[in-house]
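**Q** starting from these lines, generate the structure:
(4 chains)
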Number of protein chains: 4
Amino acid sequence: MSEDKKTGRGRAEEWWQTSIIEMRPGVIRLRGYEIQDLIGRVSFPAMIWLMLRGELPSEEQAALLGIALGAAVDHGPQAPSIAIARMAATCGVGINNAMASAINVLGDVHGGAGEQALSFYGDIAAAMDGGTPLAQAVKARLDRFFAEEKGYVPGLGHRFHPVDPRAPRLIELTREFAARGVVSGRFADIAGAIEAEVAARKGKTIPLNIDGTTAVIYGELGFPPALTRGLFVLSRSVGILAHAWEQSQQGDRNKGPLPREWLWAYTGMPVRPFPDTE
Amino acid sequence: MSEDKKTGRGRAEEWWQTSIIEMRPGVIRLRGYEIQDLIGRVSFPAMIWLMLRGELPSEEQAALLGIALGAAVDHGPQAPSIAIARMAATCGVGINNAMASAINVLGDVHGGAGEQALSFYGDIAAAMDGGTPLAQAVKARLDRFFAEEKGYVPGLGHRFHPVDPRAPRLIELTREFAARGVVSGRFADIAGAIEAEVAARKGKTIPLNIDGTTAVIYGELGFPPALTRGLFVLSRSVGILAHAWEQSQQGDRNKGPLPREWLWAYTGMPVRPFPDTE
Amino acid sequence: MSEDKKTGRGRAEEWWQTSIIEMRPGVIRLRGYEIQDLIGRVSFPAMIWLMLRGELPSEEQAALLGIALGAAVDHGPQAPSIAIARMAATCGVGINNAMASAINVLGDVHGGAGEQALSFYGDIAAAMDGGTPLAQAVKARLDRFFAEEKGYVPGLGHRFHPVDPRAPRLIELTREFAARGVVSGRFADIAGAIEAEVAARKGKTIPLNIDGTTAVIYGELGFPPALTRGLFVLSRSVGILAHAWEQSQQGDRNKGPLPREWLWAYTGMPVRPFPDTE
Amino acid sequence: MSEDKKTGRGRAEEWWQTSIIEMRPGVIRLRGYEIQDLIGRVSFPAMIWLMLRGELPSEEQAALLGIALGAAVDHGPQAPSIAIARMAATCGVGINNAMASAINVLGDVHGGAGEQALSFYGDIAAAMDGGTPLAQAVKARLDRFFAEEKGYVPGLGHRFHPVDPRAPRLIELTREFAARGVVSGRFADIAGAIEAEVAARKGKTIPLNIDGTTAVIYGELGFPPALTRGLFVLSRSVGILAHAWEQSQQGDRNKGPLPREWLWAYTGMPVRPFPDTE
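**A** Numbering: from 1, shown residues only, chains lettered A, B, ... in the order given. Predicted coordinates:
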């Protein structure tokens, strides 16, 4: 490209590069496929996979992705994301705005547990790739975890559910897909070994939770840890939309967190006069 | 419930009501179904349907919903939503934050066309329910549209694509699903009649676009117009995530809209001294 | 500009036009003033005015703007904006993200009352410009309001405060600035006449609220109604930041709207088996 | 409080605690002051200070805070925050939504430099508190910086401005306030010593930038580093609002980053047929 061209339109179009989508008038291609060839032939999870990974999944891979996406859609209005969606829906903004305020809080604490779990599994998988046996790799990683950090092992335990009803079902399904050769089952093994080793150390089982088990599936399917958060956003967006929609049908205005006739506890300075400044 | 109870925990829990999700320790139910019964049995689009509508769709209905969701995932970095996702991803925020800034702009202009189209179709459907024949109902609604508003008929025409390649494919698929009895085909008829009548009036075809054709599908499936925007958010979130992710892999910082060495045109007051204020 | 230039860098820079800021290496000018001439010479409210209006205000005008901005900074954690800021601050996102989720809900219902009030006053002012006396213009506008709409007259009444303590003080200050010739006092007259006429019609005073009185000041200072919402965002951002910051110092994680040991009321379908689909 | 009370309204109100605002019907108190006592007596920057710090500043302290807030309001539409505000304003969302999408990207990279600079200064100040002389404390901190990190020293240098015109003016003003005893001048000394030491090491001056100099002021005034980001949000919100407002007056729809007739560069897979799946 000539220097002149590069300082003009060519340079500007270069500034916005993507390998995802190609367009010309009358033409839309995603990852090299004509959009009209994809529509009606690939499932919605397969479309998600293609967009994020660049290649089409098998039907079975797409089905397993859809299972993980479907499992985490909602955890009720005590989750900040859902509460925010519902409150926002009463403030006179669009449903997309209500969704945005809610999705925005799926941060390191509210939305990051799956990413942390998959990174944790990935460290163990890397040790195994280097020849360390599973049990030993798990022990070593947990030793490092307990030395460096406090709090819960990523992917284990739940504040509310003694056993999260989604977790054993997701592991069961992962095993079935592994038995059919769709995935290797390696991340299910790793997660199970972590759960067992922690139980042995603590003297009681702290079971895998939704983050730990969706991380197993995303790992089995080859997603990098950092995309796990994005997939959780796609999943939880469904619950966020459902709650924003339900709330918007009820006609409240400026819904606060507590019943309207209540207040909050004030813990600050007692009333005082404005200082004399002369 | 006693008055005493109502001023306490009971009143607070009443404040947050939902018919979507029921929870107890170890129990999560969506719309009355145990979550572990849903996982692995319903597709991701079927889960979306259940959450939004309260009942499970047939597999065919879920498939058609998935088709519409998959069709609108992306329209490239010249769409503000996609550009914002990419720029945000270079500013040191989480991928959920980048997605939120982007989803937030799917407002009346960027995300509302489907809603407007489905409302338009709905007006015609209501006239037909009252006994008016299709062609006459379409004529009457268009007469009103051209009398009241300027601009494009909702769902028709595209700034960039002479024919949007997604649109005919979506109509073709809707017809196939109607032929199998999954949907009635009524909204496809309405949209087709609008397109034909506008062509007759203008002397040239202004073809159905992606918003007009996804609105046909959402209408066929019984979604209300206002939910159309939310469904578009779920769909476009996929492209938003894919672009935010791709951009985050490239290591740019604070990506502006134009190449770094360019500026913008300043059209304001020429330089002037700070006014003497004595 | 040559056609060639217009398809190149010139065209791109034209695409991003502004009359607000001019930049060259080592040079930043706002509205024609060198930034280093502004810094230390104009107050923060004067800078806000210059950026929004294009010209510098007098010191007195800037002071009155600052009064309105300072008055509405907070209304406590039962306001959705403040509650959202606090919940977001516990989810592992940046303080800017917490602020964004909160500001995002200052929509038509939560943040739009000032805009509606100022538009209402503006209709009356326009009638007066056409020769209608104040009392008659107010009556006519209220007649139209009660004919067309239900609910509260914009700017009057408060769900919680019998008299909003901010309102009489803001009117008192506006009168003082009018007495000094800084503003005309016309919008204070209009708001007062509305309050009186509504009291006469209802048989009881529904006093001006914070939105109605800040709208008086913004109107006196010549701001258009649509900017009123933006000014409210600048104002409330202070409280949003203060609450997000206070919450972030407390170490909670994923703060829900109700105490952690409580739930919500489920009002939906009772538990049911997954349907037999064979 | 009785156990019964704690499980009722008292417990809920305890859940939302704040030391910022106290309210009863007809009463609003901020940090112990009646709101009507504050309105008209304290400047807008003083109100910001009170809300964030809990006590009133002196007039001079408030003035210096206002100077820092006013200095960083805008850096033009090539900044992602400003570009996003402008694009969002064309998408059919409220001005608060456009502001939120923009503020949301003031993250670690776009909005975090001041926080990093102030933390850096704070490390040096802490060493000085322990008895280390300024020059030695600066050398030691820079040694550590160059050993641990790559990239620019926080607060120094600018991609676009050889000398940022805001920086020397802000330092000059800080020195004036220090000469009057409003602040100590310690952070100005530290920043100057960093600039000098880096110049000595690199053989050329890399001058203090806007983030480094506003961090000096915020440090002089006693703000913790983490609040620096929040103060930058309050400041930049002014430019974000001004640009969103200017753009909204121009009537564009769905403004993309490049002129409408341009596209982007596609760098992905060439067109390929949908795979044969039999």
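**Q** the stretch 151-278 of chain A against chain B: which residues are in contact?
**A** Proximity of the stretch 151-278 of chain A to chain B, by CB under 8 Å from any CB of the partner chain, involves residues A:160-166, A:168-170, A:173, A:226-227, A:229-230, A:233-234, A:237-239, A:241-246, A:248, A:258-259, A:262. No exception for glycine: its C-beta is placed from N, CA and C like everyone else's.
**Q** output the below-cut-off pLDDT ranges for chain A.
**A** For chain A, residues meeting the criterion pLDDT under 70 lie at A:1-7, A:277-278.
**Q** let me see the ranges of the helices in it.
**A** With helices called from DSSP state H, chain A shows them at A:3-6, A:9-15, A:35-38, A:44-53, A:59-71, A:80-88, A:95-103, A:113-129, A:134-148, A:166-179, A:186-202, A:210-220, A:225-248.
**Q** other SSEs contacting the second one?
**A** When you say that, I think you mean helix A:9-15. helix C:9-15 (3 or more CB pairs under 8 Å, 6 or more residues apart in numbering or on different chains; DSSP states H and E).
**Q** any buried residues in the helix it packs on, and which?
**A** C:9-13, C:15 (16 or more other CB atoms under 10 Å in any protein chain shown).
**Q** same check on stretch A:176-189?
**A** A:177-178, A:182-183, A:185-189.
**Q** and stretch A:215-230, by the same measure?
**A** Along stretch A:215-230, these residues count as buried under the neighbour rule (16+ other CB under 10 Å): A:215-221, A:223-230.
**Q** re earlier: okay, the buried residues of stretch A:176-189 in JSON lines with distance to residue A:100 next?
**A** Listed next are the buried residues of stretch A:176-189 as JSON lines, based on distance: CB to CB, whole Å:
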{"residue": "A:177", "distance to residue A:100": "34"}
{"residue": "A:178", "distance to residue A:100": "37"}
{"residue": "A:182", "distance to residue A:100": "35"}
{"residue": "A:183", "distance to residue A:100": "34"}
{"residue": "A:185", "distance to residue A:100": "38"}
{"residue": "A:186", "distance to residue A:100": "37"}
{"residue": "A:187", "distance to residue A:100": "32"}
{"residue": "A:188", "distance to residue A:100": "35"}
{"residue": "A:189", "distance to residue A:100": "39"}
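**Q** farthest pair in these?
**A** Greatest spacing in the buried residues of stretch A:176-189, by CB to CB: A:182 and A:189 (15.3 Å).
**Q** which residue is nearest the middle of chain A?
**A** residue A:232 (2.2 Å; CA atoms, centre = their mean).
**Q** for residue A:146, give its distance to residue D:153.
**A** For residue A:146, the distance to residue D:153 (CB to CB, to the nearest Å) stands at 36 Å.
**Q** give the contact list for residue A:78.
**A** Listed by CB atoms under 8 Å, 6 or more residues apart in numbering or on different chains, the contact set of residue A:78 reads B:16, C:256-258, C:260, C:262-264.
**Q** counting neighbours, which of these end up buried?
**A** Here, 16+ other CB under 10 Å leaves B:16, C:256-258, C:262-264 buried among the contacts of residue A:78.
**Q** quick check: which of those residues are also close to chain D?
**A** Okay, of the buried ones among the contacts of residue A:78 touching chain D (CB under 8 Å from any CB), that's C:258, C:262.
**Q** looking at the buried ones among the contacts of residue A:78, which is nearest residue C:209?
**A** Nearest to residue C:209 out of these is residue C:257 (CB to CB; 25.4 Å).
**Q** residue A:39 contacts residue B:71, correct?
**A** Yes: the criterion here is CB atoms under 8 Å, and residue A:39 meets it with residue B:71 at 5.1 Å.
**Q** who's more crowded, the two?
**A** The residue with more neighbours, out of residue A:39 and residue B:71, is residue B:71; 26 against 20, by other CB atoms under 10 Å in any protein chain shown.
**Q** chain C versus the more buried one, what's the distance?
**A** For residue B:71, the distance to chain C equals 27 Å [CB to the nearest CB, to the nearest Å].
**Q** and that residue, what does it touch?
**A** Contacts of residue B:71 by CB under 8 Å, 6+ apart are A:35, A:39, B:166, B:169-170, B:210, B:213-214, B:235.
**Q** which one of the residues you listed has the most neighbours?
**A** The contacts of residue B:71, ranked by neighbours (other CB under 10 Å): first place residue B:213, 30 neighbours.
**Q** list the contacts of that one.
**A** So residue B:213 contacts B:71, B:155, B:166-167, B:170-171, B:174, B:191 (CB under 8 Å, 6+ apart).
**Q** grab the nearest non-local neighbour of residue A:52.
**A** Of all residues not flanking residue A:52 in the chain, residue B:242 sits nearest, at 5.4 Å (CB to CB, 6 or more residues apart in numbering or on different chains).
**Q** which of the helices of chain A sits closest to residue B:109?
**A** Of these, nearest to residue B:109 by CB to CB is helix A:95-103, at 11.4 Å.
**Q** from the chain's centroid, how far away is the closest one?
**A** 16 Å (CA atoms, centre = their mean, to the nearest Å).
**Q** returning to what we had before: with distance to residue B:269 added, can I get the helices of chain A in JSON lines?
**A** Putting the helices of chain A into JSON lines (distance: least, CB to CB, whole Å) gives the following:
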{"stretch": "helix A:3-6", "distance to residue B:269": "33"}
{"stretch": "helix A:9-15", "distance to residue B:269": "28"}
{"stretch": "helix A:35-38", "distance to residue B:269": "47"}
{"stretch": "helix A:44-53", "distance to residue B:269": "46"}
{"stretch": "helix A:59-71", "distance to residue B:269": "53"}
{"stretch": "helix A:80-88", "distance to residue B:269": "39"}
{"stretch": "helix A:95-103", "distance to residue B:269": "35"}
{"stretch": "helix A:113-129", "distance to residue B:269": "49"}
{"stretch": "helix A:134-148", "distance to residue B:269": "58"}
{"stretch": "helix A:166-179", "distance to residue B:269": "61"}
{"stretch": "helix A:186-202", "distance to residue B:269": "62"}
{"stretch": "helix A:210-220", "distance to residue B:269": "55"}
{"stretch": "helix A:225-248", "distance to residue B:269": "44"}
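**Q** those helices: which one's closest to residue C:142?
**A** Nearest to residue C:142, of those and by CB to CB, is helix A:225-248 at 30.3 Å.
**Q** residue D:135 versus residue A:211, what's the distance?
**A** 50 Å.
**Q** so what's the residue lying closest to residue A:223 once chain neighbours are set aside up against?
**A** Ranked by CB to CB, 6+ apart and with sequence neighbours excluded, the top spatial neighbour of residue A:223 is residue A:231, at 6.8 Å. Contact analysis of residue A:231 by CB under 8 Å, 6+ apart lists A:48, A:68-69, A:114, A:214, A:218, A:223.
**Q** dump the residue contacts of residue A:197.
**A** Contacts of residue A:197 (CB under 8 Å, 6+ apart): A:135, A:138-139, A:142.
**Q** PyMOL command to pick out the buried ones of these?
**A** Command for PyMOL that selects the buried part of those, burial taken from 16+ other CB under 10 Å:
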select buried, chain A and resi 138+139+142
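**Q** need the contacts of residue A:197 in CSV (columns: distance to chain D).
**A** Output for the contacts of residue A:197, formatted as CSV (distance: CB to the nearest CB, whole Å):
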residue, distance to chain D
A:135, 36
A:138, 31
A:139, 31
A:142, 28
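**Q** just give me the closest of the contacts of residue A:197 to chain C.
**A** Closest approach between the contacts of residue A:197 and chain C, by CB to the nearest CB: residue A:142, at 22.3 Å.
**Q** how about the closest one, what does it touch?
**A** Residue A:142 sits next to A:153, A:194, A:197-198, A:201 when contact means CB under 8 Å, 6+ apart.
**Q** of these, which is the most crowded?
**A** Counting by other CB under 10 Å, top hit in the contacts of residue A:142: residue A:194 with 27 neighbours.
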